[in-house]
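Peer 1: 3D, please:
(chains A and B)
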Amino acid sequence: MKSNNKGWTVAYWIVVLVMLAVGVVGWYWRLTTGHQMSNYGSIIPWGLWVAMYIYFIGLSAGAFLISSLVYVFGIERFRPVARLSLFTALVALLMALLQIWVDLGHMGRFYEVYTRPHFLSMMAWMVWLYTAYFLLLLAELWFDTRHDLVRWGERSGVSGFLNRVLALGSRDTTDAAAKRDAKVVKVLGTIGVLLAIAFHGGVGALFAVDKSRPMWHTGLYPLMFLLAALVSGGGLLLAIYALLAPDRGSEQHKDIIDSLSKLVLGLVLLYVLFTFADYSIVWYGSIPLDVNPLKIILAGPFWYVFWIGEFLLGMVVPIVLLGLKSMRRSPWWVGLAGLSIVIAFVAVRLNIVIPPLAVPEIAGIAQAASSPRMSTMYLPSMMEWFVTVGIVGFGAAVYALGYQLLPVKPRVSE
Amino acid sequence: MPEIPVIQQIEDVTARMMDDLQRALKKPPSERRWGMVIDLTKCTGCEACTVACKAEHKTPPGVNYNLVIKTEMGTYPNVREIFLPRPCMQCENPPCVEVCPVSATYKNEEGIVVIDYDVCIGCRYCITACPYGARSFDFGEWYTMGTPEIAPYETAPTFEYSEKRVRKDDASPIGNVRKCNFCIERVHEGLLPACVTTCVGRARLFGDLNDPNSLVSEILAERSSFRLKEELGTEPKVYYLT
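Peer 2: Residues are numbered from 1 along each chain as shown, chains lettered A, B, ... in the order given. From the prediction side, this is the model:
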């Protein structure tokens, strides 16, 4: 963020601090009253937090896979955003892990997934794969930035100190060392691509193996999750790069935006196809347990989550803005398209998690007990919103600090 | 002295089932297969089973081991209501067990799907996986929440799985998933599940399905029965008589 952006920076930090303050209240409620103040129940046992968790984890996987275009597949065109993608993947992963941790009934027992995993459960697989992915991200990011960490470590102040610490005593800035780093990054990136496919396909499988929920139980899900990750991660990078890159306005910036836009546009179109394939097949046959979740999505009390969120913001807006060449050359419109996708995928994730749960497996179960915990309606409680706002604030703060203090900014050709 | 005519003794079902229990308990656990038979023609929808279950396990609001699902049939004035009591099905192939990331829930050697409260992390994946809606999450709530005092009947200890537990703060089973376990702790003491003991119409029967001489086995051999969602292949051990 350059000095002429000082006003924006101040505004950004005010928003972030407000979000963090809201988050502190939310987390205080959550930690002192447990799950009492939540609105999910035993009919809809997963709510906002699980939806946001798959949202964040999708952003992480998507951003990571985009970085691999450069590190693994050697598409140099995207080099300027590669490192930022990696950093985005790391921050999004942290947000995802925080979000799913707070959802547990016994947060203090999360370690059991390591000490006594049950590998028939997709959830156990995911936690193990996340752990591997987290370590790999740290390593890949370190080798990718090592050279710059050493150089930035010569600065004074907080940034210099932080970079010196993160360089872990490394001082070698020779070309040979840089070459070795690039090799290591390529190997790590390759493993990472496999890991990202495994863990995010795995998140899709976590839902897909649930035969009690016909809407989840489709072989499309693991693939759709991977695609959704690429679309949302791509949208986020598009927004960040279009709006924040230091070389905004230059020809290079315009070219990269153009390429990135085409990539994301292609992914969005593919996602439209997948969504159509999924929904149209669910619709066919009209068996209530299968179709009712979809009816809730399309015409239920929260119809706007699909029609405004998924359809308008996630499909129409990006297809128009990224599809028209004149729009694609303008960083503002492209950035807006990216933001539109980023918001739309919250809607996508909400609709994946909640409506399929809102149709009880046996009709009449919700009416058999008069308890708000046996409701087929779910709106997140204030506590749930606050906790999630806090996590977004945390992510935004870490991201901005990293952006300012660490060598992760989009690189300008010298 | 005139002879007193002997009135034919009608065997009491509860006494019969308790005799069956004693026989089953003498066998090694792995040879028992506990099952429940619910006679829908006798169920009056009185919910005594639901209440007995609540009293036995002191389950909080929203935690329902047993429900009586009511369905209205016909149109006014020719309306009738049918009742379907729903405990845990104790599936032979339980979908809830596969998904648990820490093996906190498993089928024990007697075929009962149990939950280890001290292990369960409260992720609620099993709730989504159960095809019968038989699992609930303990949100740490109380019926008398918001009144000057939590009523003593809510804080009294329970003996589920033969462990003495007092619900308080965030100690298990608060924050855990909970479900019907056929009152296995009662069964081990020679008592029938609370819902069976209490059933006013003697619509609920319980016993060892592996014992051909048990009441449940005899009745299943005689009467036609169905199980919920047979097509899933979960092989429930709760049978409904029609």
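Peer 1: The residue in the stretch 301-414 of chain A positioned nearest to chain B - nearest residue in space that isn't next to it in sequence?
Peer 2: Residue of the stretch 301-414 of chain A nearest chain B, by Cβ to the nearest Cβ: residue A:373 (2.8 Å). C-beta here means a position set from N, CA and C on the backbone, and glycine is covered the same way. The shortest distance from residue A:373 to any non-neighbouring residue, by Cβ to Cβ, 6 or more residues apart in numbering or on different chains, is to residue B:62 (2.8 Å).
Peer 1: where does the one you found fall, helix, sheet strand or coil?
Peer 2: coil (DSSP: H, G, I helix; E, B strand; the rest coil).
Peer 1: quick one: it and residue A:43 touch, right?
Peer 2: No: judged on Cβ atoms under 8 Å, residue B:62 makes no contact with residue A:43 at a distance of 9.5 Å.
Peer 1: If you count surrounding residues, which of the two has more?
Peer 2: residue A:43 (24 against 20; other Cβ atoms under 10 Å in any protein chain shown).
Peer 1: Please look at that one and residue A:354 and confirm they touch.
Peer 2: No: if you go by Cβ under 8 Å, residue A:43 and residue A:354 don't touch, sitting 10.9 Å apart.
Peer 1: returning to what we had before: between residue B:62 and residue A:43, which contacts overlap?
Peer 2: Residues touching both residue B:62 and residue A:43 (Cβ atoms under 8 Å, 6 or more residues apart in numbering or on different chains): A:373-374.
Peer 1: about what we covered before: contacting residues for the residue nearest to residue A:373?
Peer 2: Listed by Cβ under 8 Å, 6+ apart, the contact set of residue B:62 reads A:41-42, A:369, A:371-374, B:136-137, B:139, B:141.
Peer 1: how much space between it and residue A:385?
Peer 2: According to Cβ to Cβ, to the nearest Å, residue B:62 and residue A:385 sit 21 Å apart.
Peer 1: cool, and residue B:200?
Peer 2: 46 Å.
Peer 1: what's the nearest residue to the closest residue to chain B within the stretch 101-250 of chain A if we skip its chain neighbours?
Peer 2: Residue nearest to chain B within the stretch 101-250 of chain A: residue A:105 (1.6 Å; Cβ to the nearest Cβ). Take residue A:105 and drop its neighbours on the chain: the residue closest to it by Cβ to Cβ, 6+ apart is residue B:122, 1.6 Å away.
Peer 1: how about the one you found, secondary structure?
Peer 2: coil.
Peer 1: looking at chain B, which helix or strand is least sure?
Peer 2: Using mean pLDDT, DSSP states H and E, the weakest-scoring helix or strand in chain B turns out to be helix B:152-155, at a mean of 91.
Peer 1: which residue packs closest to residue A:393, ignoring adjacent ones?
Peer 2: residue A:19 (2.9 Å).
Peer 1: burial measure for that neighbour, as a count.
Peer 2: Using other Cβ under 10 Å, residue A:19 is surrounded by 21 other residues.
Peer 1: Could you identify the helix or strand that succeeds the helix or strand where it lies?
Peer 2: Take DSSP states H and E as the rule and residue A:19 turns out to sit in helix A:6-33. Per DSSP H and E, helix A:6-33 leads on to helix A:48-71 as the next helix or strand towards the C-terminus.
Peer 1: For that next one, which helices and strands make contact with it?
Peer 2: When contacts are defined as 3 or more Cβ pairs under 8 Å, 6 or more residues apart in numbering or on different chains; DSSP states H and E, helix A:48-71 packs onto helix A:79-101, helix A:122-152, helix A:175-208, helix A:220-244, helix A:331-353, helix A:382-405.
Peer 1: Near chain B, which residues of the stretch 51-200 of chain A are found?
Peer 2: Within the stretch 51-200 of chain A, the positions near chain B by Cβ under 8 Å from any Cβ of the partner chain are A:103-106, A:109-110, A:112-113, A:116-118, A:120-124, A:127.
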